[in-house]
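Participant: What shape does this take:
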Amino acid sequence: MFNKILVAIDRSTAGKKVFEAAMSLAKTSGASLKLLHVLSSEERDFPTPTIYSGLEYDPYEPTLIEAYQERWQQFEQEGLEMLRGTAEEATKAGISTDFTQTLGNPGRTICDLAQTQSADLIVVGSRGRTGLKEMFLGSVSNYVTHHAPCSVLIVHQTDNLDPQLSESEQEKLTSSAA
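Facilitator: Predicted coordinates:
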């Protein structure tokens, strides 16, 4: 049914769950995986330029620029390391896998790559934004659902189901949902 699965992941625990769902589908359908990490300001640890308030602030100060460039290179490197490790895990499981990392708007980038790669399925996570958060911050999964050139599987975050439940009770809920 699926031959090419595009997997949009990040360095979060939700990203790991997205990958696990995609790997399970790829094993059963014999599909290949294309892992995608989009460098985006929406991601945790996204480097931003240092800004000081005061009369002596010079945004073009060489040390500030160098510090920002170092943080950016580290951010890029961490993304590539995550992709390499994830691709290696899939390859060891016998799944044909490659990866790419790019800077951009996550929703648009995911849909564009799905189009150019002729993906049959996009697997993406959901942070569970609703109401005002979704209206002001947007939702990658919502954008992808409405603009994708193929089918979309949204893996919802389930790790904070109910803080009152024990780990074993949460595991039961998670496994019964699968």
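Participant: show me the contacts for the nearest residue to S96 once chain neighbours are set aside.
Facilitator: When the adjacent residues along the chain are set aside, S96 lies closest to S32, with 4.0 Å between them (Cβ to Cβ, 6 or more residues apart in numbering). Every residue, glycine included, has its C-beta placed from N, CA and C. For S32, the set of contacting residues under the criterion of Cβ atoms under 8 Å, 6 or more residues apart in numbering consists of 3-5, 26, 95-98.
Participant: Looking at these, which are in helices?
Facilitator: In helices, defined here by DSSP state H, the members of those are A26.
Participant: mind exporting the host helix or strand of V152 as CSV, just the C-alpha atoms?
Facilitator: Counting by DSSP states H and E, the element that carries V152 is strand 151-156. Coordinates of each C-alpha in strand 151-156 appear next as CSV, following Å, rounded to 0.1, in the frame of the first residue of the first chain:
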residue,chain,number,x,y,z
SER,A,151,-2.2,10.6,2.9
VAL,A,152,-1.2,11.9,6.4
LEU,A,153,-0.8,10.0,9.6
ILE,A,154,-0.8,12.2,12.7
VAL,A,155,0.8,10.6,15.8
HIS,A,156,-0.7,12.3,18.8
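Participant: Go through the chain and flag its longest helix.
Facilitator: Across the chain, the helix with the greatest residue count (assigned by DSSP H) is helix 62-92.
Participant: Point to the helix or strand of this protein where mean pLDDT is at its lowest.
Facilitator: Across the helices and strands of the chain, the lowest-confidence element by mean pLDDT, DSSP states H and E is helix 131-137, at a mean of 50.
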